[in-house]
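In: Any chance you could fold what I've pasted below:
(2 chains)
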Amino acid sequence: MPDPYTVLDVPPDADDETIRRRYLELIRQYTPEHHPDRFAAVRAAYEKVKDLDSRVRHRLFEAGKDDPIEAIIEEAACRTPRRRAGLRAILAAVLAAP
Amino acid sequence: MAELIVGIDLGTTNSEIAIVENGQARVLTEDGDPILPSVVGLSEDGRLLVGRAARNQWVLAPDRTVKSIKRKMGQDVKVQLGADQFTPQEISAMILRTLKARAERELGTPVVKAVITVPAYFNDSQRQATREAGALAGLEVVRILNEPTAAALTYNPAAGGEVPADGAAPAAPPAEHILVYDLGGGTFDVSIVHTEGGVVEVLASHGDTQLGGDDFDELLLDAVADEFQEMYEVDLRENRVARARLLRAVEEAKKRLSDHAFTRIEEEFIAEKDGVPLHLSTEVDRADYEALIRPLIDRTMECVQHALDDAKLTAAQIDQVVLVGGSTRTPLIGRLLEERLGQPAHREVNPDLCVALGAAIQGAIIAGQNVGSVLVDITPHSLGIKCLEYSDELAFRPNEYKFAPIIRRNTPLPASRSEVFCTVMDNQPTVEIDVYQGEGDDVRRNHRVGRFMIEGLARVAAGNQLVVQLDLTLDGILKVSAREKSTGLVKQITIENALARYAVAERAGAQARLNRMWADLESLLPGGAGPDGGPGGDPADPGAVGLPAQGGGLISAVPPSVPTLDPGPREGQRESVQARALLEKADRVRAKATAEDQDELDRLAGRVRDALTDRRWGDLQAACNELSDVLFYLEDA
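Out: Below is the predicted model:
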């Protein structure tokens, strides 16, 4: 599974707006009729990172499914956004819940 | 010049054909009329009639006329037309062929490729049937497009403007959520699309393929017929011709009620009781009519809510409401939609034509013309397979009919998804992959699209993993594959073939029959080239343009071999109906008349028939009056 940030060619800390703009640009370039495979790849990548919820899911369950939990916690605790700053907030909420 | 791909709206009531020229979409007309009624008939002498002529004769000869065939698409049925039976695909092919001929006549070039629209909620076999109709009409259907999506393309604010060739964003029009409410003659669809920077994304579609303006007509017909029956104890629905006349009358009344608060329905000589002719004359007011159709409109409003829920939007987030389809002229619909969505609906683009225009735009996109739009469409139905489900309540007997969706509805196309399933028995050698389409949790409520067996699995304990993958193309063609994870054993099918309604030989037969009918039609027309191509010859083949047009310039290279269709009794419609009723009555009275009176009746009836055949409406009126006088005298005697 190719890295969605690479497919879309956006930095890992890109926000919703940047990702959306880039997605529209690529869709116009790689139309479903003329570039079906590339189009499908762009679509799939966009679905994985289009909003915070998708990005966290992608980070935890796809890109990060083999990561040790310490690495994820370390990343969440990291002050500079390495992959996603939002991961920290989500994990904090998850840990605070029960 | 880019390749020509026409756009066709193959509707329940009306059909249209459109093209994109110089970046502008337009509907092709015939005698200034863009609309081809979706009616196919055989004239008295067995000639094929398509369009207005067929629609006009429907009242006189309902048994030789087929309308609303779209409602039967995808069903395994045949319809009677004259002496023969036809599949819905064949009837639709006649309509498509007429449109194709219209385009070829106007453009002077052969038309072979088309985008044909279908209701978004059409299922796989309904789409397949539409594809087959295209093939029978000699068209390569490059795309089956959803109607509301097509309509949305014409409302795309980015389209039509100048677009930089590198695909960069045009001067950014605002992003918008558009709700398209499409109520046609036989089907209802609602789609929610998002347009931004020239990309039109469909977010959700919902609908009902068996709900449309035809149902409004039936409800009104029943109400009027019930009233008539109460007054005269005669059921107008029992006689085919009377029913056809009544249906046409209520159709007209329905249309008038869009602009007027009440209207009258009048049909003379519609029935007879104890030898006395009965006339229908009643008044319908809009409030009563709206009360009749309200339950149907409410059903469409439920669909609207479903679509909003699926798109995860609230009514307030919709920026534009667009009405499509002739039936949306009913004021009640605009009112209820405004109530629900809090804003008036748009109909800047003619609701009858915008689907064909959108189809043409999509055709241009496929042909590689830069029209400033890219369409991201979705599948409106979930696709998945049948599996076993062990639940607590059914501990002893598993549920054998569990539907496991793999591609969920509203997934953008093309889509590719896979799921892992397990065998349930030790040493299980085969697994049946049974593919369904629908939203029911139980496959029996869904629509089966195909199935196959994967055999020769490894002899291992239960729990052998199989990866089932579904690939759905832009056209809704589905490829299903099943792979045994441990061995890599793969088996796959393409549903397109699995579902084809025709065997190859059968299709060739149907094609030949259509060609024959088309050739017959052609040979009877003045100036027609005749069936020189024989069955199988394409009547619109520009190769058939043998002689140069007399004194013609270079521009007038219009293929003369394209048939023009019988325009039918357009203006004499009402007179013809009355004349038919009179002739029928004359036949009955004749049996009891003296020889002298019989001769007189024959003479007058002959004059009526001649005037009717020659379409001399003035003479027809005079002849009818005379015949009517004599009948009156004889009846009393």
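
In: give me the low-pLDDT residue ranges for chain A?
Out: Counting by pLDDT under 70, chain A has low-confidence residues at A:1, A:64-65, A:67, A:72-98.

In: how about the residues of it near chain B?
Out: Within chain A, the positions lying close to chain B (CB under 8 Å from any CB of the partner chain) are A:24-25, A:27-29, A:31-34, A:36, A:39-40, A:43. To be clear about C-beta, it is placed using only N, CA and C from the backbone, and glycine gets the same treatment.

In: is it true that B:Val199 touches A:Arg28?
Out: Yes - using CB atoms under 8 Å, B:Val199 is in contact with A:Arg28, at 6.3 Å.

In: For those two, list the residues in contact with both.
Out: B:Val374 (CB atoms under 8 Å, 6 or more residues apart in numbering or on different chains).

In: For B:Gln621, which residues are in contact?
Out: B:Gln621 makes contact with B:Glu575, according to CB under 8 Å, 6+ apart.

In: can you confirm it is in a strand?
Out: No - counting by DSSP: H, G, I helix; E, B strand; the rest coil, B:Gln621 falls outside a strand, being helix.

In: Tell me, what's the model's pLDDT at it?
Out: At B:Gln621, the model reports a pLDDT of 80.

In: From chain A, how far off is it?
Out: According to CB to the nearest CB, to the nearest Å, B:Gln621 stands 57 Å off from chain A.

In: before we move on, what about B:Ile91?
Out: Distance, B:Ile91 to chain A, using CB to the nearest CB: 30 Å.

In: which residues touch that residue?
Out: B:Ile91 neighbours (CB under 8 Å, 6+ apart): B:40, B:66, B:69, B:79, B:81.

In: so what's it closest to, chain neighbours aside?
Out: Excluding its sequence neighbours, the residue lying closest to B:Ile91 (CB to CB, 6 or more residues apart in numbering or on different chains) is B:Ile69, at 4.4 Å.

In: B:Ser38 is in contact with the one you found, correct?
Out: Yes - counting by CB under 8 Å, B:Ile69 touches B:Ser38, with 6.8 Å between them.

In: three-state assignment of A:Arg55?
Out: helix.

In: burial count for it?
Out: Counted with other CB atoms under 10 Å in any protein chain shown, the neighbours of A:Arg55 add up to 26.

In: Between the contacts of B:Ile91, which sits nearest chain A?
Out: Nearest to chain A among the contacts of B:Ile91: B:Ile69, at 29.6 Å, using CB to the nearest CB.

In: who's in contact with the closest one?
Out: Residues in contact with B:Ile69 (CB under 8 Å, 6+ apart) are B:38, B:40, B:79, B:88, B:91-92, B:95.

In: With respect to B:Arg329, which of those is nearest?
Out: Set against B:Arg329, the nearest of the contacts of B:Ile69 by CB to CB is B:Ser38 (17.8 Å).

In: List the contacts of the closest one.
Out: Neighbour list for B:Ser38: B:10-15, B:67-70, B:95, B:185 [criterion: CB under 8 Å, 6+ apart].

In: Now B:Val449: closest residue in space, sequence neighbours ignored.
Out: Nearest residue to B:Val449, sequence neighbours excluded (CB to CB, 6+ apart): B:Asp124, at 4.7 Å.

In: Now the longest strand along chain B: average pLDDT?
Out: Among the segments of chain B that qualify as a strand by DSSP state E, the longest is strand B:262-273. Strand B:262-273 shows a mean pLDDT of 87.

In: Give the pairing partners of it; include direction for each.
Out: Note on strand B:262-273: by DSSP bridges, its sheet partners are strand B:276-285 (antiparallel).

In: Give the buried residues for the partner strand.
Out: Across strand B:276-285, burial judged by 16 or more other CB atoms under 10 Å in any protein chain shown covers B:277-278, B:280, B:282, B:284.

In: angle of the helix or strand following that strand against strand B:276-285?
Out: Scanning forward in sequence from strand B:276-285 by DSSP states H and E, the next helix or strand is helix B:286-310. On the basis of axes from the mean of the first three to the mean of the last three CA atoms, to 10 degrees, helix B:286-310 is oriented at 60 degrees to strand B:276-285.

In: tell me how far helix B:286-310 is from the chain's mean position?
Out: Relative to its chain's centre, helix B:286-310 lies at 21 Å (CA atoms, centre = their mean, to the nearest Å).

In: does chain A sit close to it?
Out: No - on the criterion CB under 8 Å from any CB, helix B:286-310 is out of touch with chain A, staying 15.7 Å away.

In: Give me the buried positions along that helix.
Out: B:286, B:289-290, B:293, B:296-297, B:300-301, B:303-304, B:307-308, B:310.

In: Show me which of those residues is closest to B:Asn350.
Out: Nearest to B:Asn350 among those: B:Thr300, at 20.6 Å, using CB to CB.

In: Grab the nearest non-local neighbour of the closest one.
Out: That would be B:Phe188: by CB to CB, 6+ apart, it lies 5.3 Å from B:Thr300.

In: Kindly report the same for A:Asp16.
Out: Closest to A:Asp16 by CB to CB, 6+ apart is A:Asp51, at 5.8 Å.

In: Ok, B:Pro277 next?
Out: B:Phe269 (4.8 Å).

In: Could I get the contacting residues of that neighbour?
Out: B:277-279, B:578, B:581-582, B:585.

In: on that earlier part again, tabulate the contacts of B:Ile91 (JSON lines), appending distance to B:Lys100, pLDDT and secondary structure.
Out: Compiled in JSON lines, those are given as follows (distance: CB to CB, whole Å; pLDDT from 0 to 100; DSSP: H, G, I helix; E, B strand; the rest coil):
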{"residue": "B:Val40", "distance to B:Lys100": "15", "pLDDT": "93", "secondary structure": "strand"}
{"residue": "B:Val66", "distance to B:Lys100": "19", "pLDDT": "92", "secondary structure": "strand"}
{"residue": "B:Ile69", "distance to B:Lys100": "17", "pLDDT": "93", "secondary structure": "helix"}
{"residue": "B:Val79", "distance to B:Lys100": "22", "pLDDT": "89", "secondary structure": "strand"}
{"residue": "B:Leu81", "distance to B:Lys100": "20", "pLDDT": "86", "secondary structure": "strand"}
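
In: What about the nearest residue to B:His279 once chain neighbours are set aside, how many residues nearby?
Out: Taking CB to CB, 6+ apart, and ignoring the residues beside it in sequence, B:His279 has B:Glu268 as its nearest neighbour in space, at 4.9 Å. B:Glu268 is flanked by 14 other residues according to other CB under 10 Å.

In: Check A:Arg21 too.
Out: Other residues near A:Arg21 number 16, with proximity taken as other CB under 10 Å.
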